[in-house]
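[1] sequence first, then the predicted structure, then my questions.
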Amino acid sequence: MSPKITVIGLGYLGATHAAAMAELGFEVLGLDIVPEKIELLTRGETPIYEPGLGDMLRRHVAGLPGSTGRLSFTTSYAAVAEFGDVHFICVNTPQKPGEYACDMSYVDSAVDSLAPHLTRPALVVGKSTVPVGSAARLARRVAELAPVGDAAELAWNPEFLREGFAVQDTLHPDRIVAGVTGERAEARLREVYAGPIGDGAPFIVTDLPTAELVKTAANAFLSTKISFINAMAEICETAGGDVVKLAEALGHDDRIGRKFLRAGIGFGGGCLPKDIRAFMARAGELGAPEAVAFLREIDSINMRRRVSMVELTRETLGGSLLGKRVAVLGAAFKPDSDDVRDSPSLNIAGQLHLQGAEVTVHDPKAMDNARRVFPTLRYADSPTEAAQGAHAVLHLTEWREFRELDPAALGEVVGERHLLDGRNTLDPALWRKAGWTYRALGRPTA
């Protein structure tokens, strides 16, 4: 008989994981402590924008016409414990205010709320990104609080979802990492992931600390690669080189590869920035700060990109931002997402506004979230509306809609035809042909 699955925390990770488990054929009960989120999901509506997630939810949410009925939701930990055999913890682990360290309060609260209700054998599986050493501590806590004692085991199964591709990454993962302390937990996780394993997904069994480190190390590596090419962009600015051509040449080396070598305004979102900072903090606690000291410079390079784009805008507009109208295309930290957490584009828009510019923002999906973060900015329903009378247009999130803009048509509504490409994805020749000046970080001669 297939295990019943529960998912605790129904944000970006949890909502996707719950729907995907139902898609794989399991009976699933999702829990969140926010009643409004439960009401939304029960109607088959998503709390976040993620391509394909809404359709997958509606195929399985109980009570919807034509659904399998395999997916339900609750706010009750007692109901979750009674229902499930495998409990996935998918809550947020944000950065602590004023610190680099990870805030574990949501994970701790989930464990403390679930464990006292575990009266029969169960497997608790962490998917949240946590500092190494957390899983061992939580395993002891589960065994201590659960009435069933050691029969309530804990494993760690880190997520590797890319926003915009989360459904695909859950159903067809490039690897599954299982941090376990015994054969029962491994067997249970193999059962849960039998479908993806059967399709060829590697199943990597590790101890708890290694499983925790896999996600942290992966994010540290990706951050390093992004900041490396952005550091090269800084050199190109001073040397007169073209960072796009440089990245193209580097990418042909299969030891390096092309992915994550696009220079621009840097990375953001709810993972990379806070995860590398938490890694630095944890390494210091473990007595090995030198091992990841380079991440401090990675973080510094990343944040400099935002300042550089503000300065490039100031330079383009004659040395002052006061009273200048600036259109910002993009608020989400990446395309195919409505996530504005630590978004470089929204941060740049805010800096320009604080320095006297009249900033109008448009994003295909992230407008509501952006308004909550920066209510003082202006917002427009289309790129054309955002660009009305603008002295400069900044392309800061690489949505397909922006790549398909007609430079001539947009040029008819602006005050001055200055385009600053913060993502190096637009065609300079095309925009210049329509009478625009084109500038991008790391491409002074492009």
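    That came in fine, so what should we check first?

[2] starting at the chain centroid, how far to stretch 397-406?
    Stretch 397-406 has its C-alpha centroid displaced from the chain centroid by 21 Å (C-alpha atoms, centre = their mean, to the nearest Å).

[3] flag every buried residue along it.
    397-399, 402, 405 (16 or more other C-beta atoms under 10 Å). Any C-beta I mention is one placed from the backbone N, CA and C, and that applies to glycine too.

[4] pull the CA atoms of it into CSV?
    Extracted in CSV, the C-alpha atoms of stretch 397-406 (Å, rounded to 0.1, in the frame of the first residue of the first chain):
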residue,chain,number,x,y,z
THR,A,397,14.1,41.3,-15.8
GLU,A,398,14.5,39.2,-18.9
TRP,A,399,10.9,38.4,-19.6
ARG,A,400,10.2,37.1,-23.1
GLU,A,401,7.7,39.9,-23.6
PHE,A,402,10.4,42.5,-23.2
ARG,A,403,12.7,40.8,-25.7
GLU,A,404,9.8,40.9,-28.2
LEU,A,405,9.2,44.7,-27.8
ASP,A,406,9.2,46.8,-31.0
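
[5] tell me the average confidence for that stretch?
    Stretch 397-406 comes out with an average pLDDT of 96.

[6] what does stretch 261-277 give?
    95.

[7] using CSV, list the CA coordinates for that stretch.
    This file holds the C-alpha atoms of stretch 261-277, laid out as CSV (Å, rounded to 0.1, in the frame of the first residue of the first chain):
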residue,chain,number,x,y,z
LEU,A,261,27.6,33.0,-17.4
ARG,A,262,25.3,35.9,-18.4
ALA,A,263,26.6,39.1,-16.9
GLY,A,264,24.2,41.7,-15.7
ILE,A,265,22.7,43.2,-12.5
GLY,A,266,23.3,40.0,-10.5
PHE,A,267,21.3,37.4,-8.6
GLY,A,268,18.4,37.8,-6.1
GLY,A,269,15.4,35.8,-5.0
GLY,A,270,14.7,33.9,-1.9
CYS,A,271,17.6,31.4,-2.1
LEU,A,272,21.0,32.4,-3.4
PRO,A,273,21.6,35.7,-1.4
LYS,A,274,20.4,34.4,2.0
ASP,A,275,21.8,30.9,1.5
ILE,A,276,25.4,32.1,0.9
ARG,A,277,25.2,34.4,3.9
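
[8] returning to what we had before: any chance of CSV for the buried residues of stretch 397-406, columns secondary structure and distance to residue 165?
    Listed next are the buried residues of stretch 397-406 as CSV, based on DSSP: H, G, I helix; E, B strand; the rest coil; distance: C-beta to C-beta, whole Å:
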residue, secondary structure, distance to residue 165
397, coil, 16
398, coil, 15
399, coil, 15
402, helix, 19
405, coil, 24
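
[9] out of the residues you listed, the closest to residue 241 would be?
    residue 398 (21.8 Å; C-beta to C-beta).

[10] hmm, the closest one is touching residue 425, no?
    Yes: look at residue 398 against residue 425 with C-beta atoms under 8 Å: they come within range, at 4.6 Å.

[11] return the member of the buried residues of stretch 397-406 nearest to residue 200.
    When the buried residues of stretch 397-406 are compared for distance to residue 200 (C-beta to C-beta), residue 398 comes out closest, at 30.5 Å.

[12] would you mind measuring from the closest one to residue 75?
    Per C-beta to C-beta, to the nearest Å, residue 398 is found 38 Å from residue 75.

[13] next one: residue 151
    When residue 151 is compared with residue 75 (using C-beta to C-beta), they lie 26 Å apart.

[14] residue 4 too?
    18 Å.

[15] who's more crowded, these two?
    residue 4 (17 against 13; other C-beta atoms under 10 Å).

[16] now stretch 6-25: average pLDDT?
    97.

[17] same check on stretch 227-240?
    97.

[18] quick one: contacts of it?
    241-243, 246-247, 250, 260-264, 266, 297-299, 301-302, 304-305, 308, 441-445 (C-beta atoms under 8 Å, 6 or more residues apart in numbering).

[19] buried set for stretch 359-369?
    By 16+ other C-beta under 10 Å, the buried positions in stretch 359-369 come out as 359-367, 369.

[20] how far off centre is it?
    17 Å.

[21] likewise stretch 302-310?
    Distance, stretch centre to chain centre, for stretch 302-310: 20 Å (C-alpha atoms, centre = their mean).

[22] ok, stretch 363-370 next?
    For stretch 363-370, the distance to the chain centre is 15 Å (C-alpha atoms, centre = their mean).

[23] from here on, count from 40
    Okay, residue one is now 40; in that scheme the one you just asked about reads as stretch 402-409.

[24] tally of neighbours for the residue nearest to residue 175 when sequence neighbours are not counted?
    Take residue 175 and drop its neighbours on the chain: the residue closest to it by C-beta to C-beta, 6 or more residues apart in numbering is residue 247, 5.5 Å away. If you count neighbours by other C-beta under 10 Å, residue 247 ends up with 22.

[25] got it, and residue 237?
    8.

[26] mind checking how far it is from residue 206?
    If you go by C-beta to C-beta, the gap between residue 237 and residue 206 works out to 19 Å.

[27] show me where the stretch 290-439 of the chain has helices.
    311-324, 333-355, 383-393, 406-412, 422-425, 439-442 (DSSP state H, counting those that start in this stretch).

[28] give me phi/psi at the residue nearest to residue 175?
    phi -60, psi -50 (degrees, to the nearest 10).

[29] skipping adjacent residues, who's closest to residue 238 in space?
    In space, residue 238 is closest to residue 211, 6.6 Å off (C-beta to C-beta, 6+ apart).

[30] rewinding a little: the residue nearest to residue 175 against residue 218, yeah?
    Yes: counting by C-beta under 8 Å, residue 247 touches residue 218, with 4.5 Å between them.
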